[in-house]
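> Give me a 3D structure for the following:
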Amino acid sequence: MRGRLFWGGVFVLVGGLLLLQSLGIITWNVWLVFWPAVLIFVGAWMLLGPALYKRNQQVTNLDYPLESIQQAVVDINHGAGTMDIAGGAAAGHMLQGTFSGGVDSRFEKIGSGGSLTLSPPANVVWGIPPGFVHEGFRWDFRLTDAIPLDMRLHTGAGESRIDLSTLRVSKLTLETGASSTVIILPANAGFSDVDVHAGAASVVLRVPQGVAGRISMKSGLVGTNIDTTRFPFNGSTYETPGYESAANRVQILVEAGVGSIEIKSA
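Okay, here's the model as predicted:
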């Protein structure tokens with residue numbers, strides 16, 4: 001209930017400001033103020049919420065066997081809170097981990113492939129747990145290093161630490177809003193295609209040594225910090241010399257709005 005009241009108030013406030021702007025009563029750009037305000041609020045909530053509101057959270061343990069699956073799609077929808085992902089699931093296991101705050105999960109075998117979906121529980125509004133003011137979802141899990149993965153990450157207001165260095169990720173898609181995300185990309189996956197779509201977010205991509213990179217940027221009001229010594233700009237992309245012939249390489253496309261993007265060595 002409080003979550004719905006909060007977001008309803010946000011919509012009313014933003015709608016009112018946009019109406020005043022369209023009528024010429026206010027002349028400043030509402031969006032330039034709105035997104036920084038959202039980031040400040042989310043950051044304050046993440047820092048102060050756990051200290052002010054202590055609640056018992058549902059904890060779910062998941063352990064899915066790998067069986068005979070040869071490749072898999074992993075679709076992760078995470079709300080407010082923190083998320084830690086890494087490789088290193090035990091032999092014969094697709095996923096092992098703990099999920100505080102609840103999780104809806106589905107694992108299907110489709111021929112020689114598999115599909116794993118993780119989402120907040122059905123009673124969640126906009127990725128925020130019921131009651132809104134507490135530490136949010138805390139997901140910590142490991143995935144198998146044994147098979148190629150197509151990973152699709154959809155994250156909200158939170159902090160994600162994702163170590164893919166040992167995983168065989170052939171495709172990675174990140175869609176994120178007001179969040180902080182650090183991703184270590186695969187070190188020995190051959191070719192990895194990485195798409196990042198970010199709103200008011202801080203995204204750090206770390207490329208392991210020995211992995212060549214090709215980086216394309218499409219950004220709005222975003223600060224960028226790219227290691228141009230390792231990835232020199234050639235007029236259209238930032239690219240490692242000898243990229244096409246490298247045994248391990250990543251192709252990175254970043255589309256960002258307001259925030260910061262950093263691409264550096266792991």
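> where are the low-confidence patches of the stretch 101-250 of the chain?
123-135, 220-221 (pLDDT under 70).
> can you give me the strands in it?
For the stretch 101-250 of the chain, the strands defined by DSSP state E, counting those that start in this stretch cover 104-110, 113-119, 137-143, 148-155, 158-163, 168-176, 180-184, 191-198, 201-207, 212-219, 222-226, 238-239, 249-256.
> can I get these in JSON lines with distance to residue 92 and mean neighbour count?
The C-beta positions use only the backbone N, C-alpha and C, and glycine is treated the same way. Converted to JSON lines, the strands of the stretch 101-250 of the chain look like this (distance: least, CB to CB, whole Å; neighbours: other CB atoms under 10 Å):
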{"stretch": "strand 104-110", "distance to residue 92": "14", "mean neighbour count": "13"}
{"stretch": "strand 113-119", "distance to residue 92": "13", "mean neighbour count": "18"}
{"stretch": "strand 137-143", "distance to residue 92": "13", "mean neighbour count": "21"}
{"stretch": "strand 148-155", "distance to residue 92": "16", "mean neighbour count": "20"}
{"stretch": "strand 158-163", "distance to residue 92": "21", "mean neighbour count": "21"}
{"stretch": "strand 168-176", "distance to residue 92": "16", "mean neighbour count": "20"}
{"stretch": "strand 180-184", "distance to residue 92": "25", "mean neighbour count": "20"}
{"stretch": "strand 191-198", "distance to residue 92": "24", "mean neighbour count": "20"}
{"stretch": "strand 201-207", "distance to residue 92": "29", "mean neighbour count": "22"}
{"stretch": "strand 212-219", "distance to residue 92": "33", "mean neighbour count": "18"}
{"stretch": "strand 222-226", "distance to residue 92": "40", "mean neighbour count": "16"}
{"stretch": "strand 238-239", "distance to residue 92": "39", "mean neighbour count": "20"}
{"stretch": "strand 249-256", "distance to residue 92": "28", "mean neighbour count": "21"}
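> Need those strands in CSV (columns: distance to residue 75).
Shown next, in CSV, are the strands of the stretch 101-250 of the chain (distance: least, CB to CB, whole Å):
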stretch, distance to residue 75
strand 104-110, 9
strand 113-119, 5
strand 137-143, 12
strand 148-155, 5
strand 158-163, 14
strand 168-176, 9
strand 180-184, 16
strand 191-198, 14
strand 201-207, 19
strand 212-219, 24
strand 222-226, 26
strand 238-239, 29
strand 249-256, 19
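> out of those strands, which comes closest to residue 72?
With distances scored as CB to CB, the stretch of the strands of the stretch 101-250 of the chain nearest to residue 72 is strand 113-119 (4.0 Å).
> Need the contact partners of that closest one.
Contact with strand 113-119 is made by 64, 69-78, 94-95, 99, 103-108, 139, as judged by CB atoms under 8 Å, 6 or more residues apart in numbering.
> May I have the strands that pair with that strand, each with its orientation?
Taking DSSP bridges as the criterion, strand 113-119 forms sheet pairs with strand 71-78 (parallel), strand 104-110 (antiparallel).
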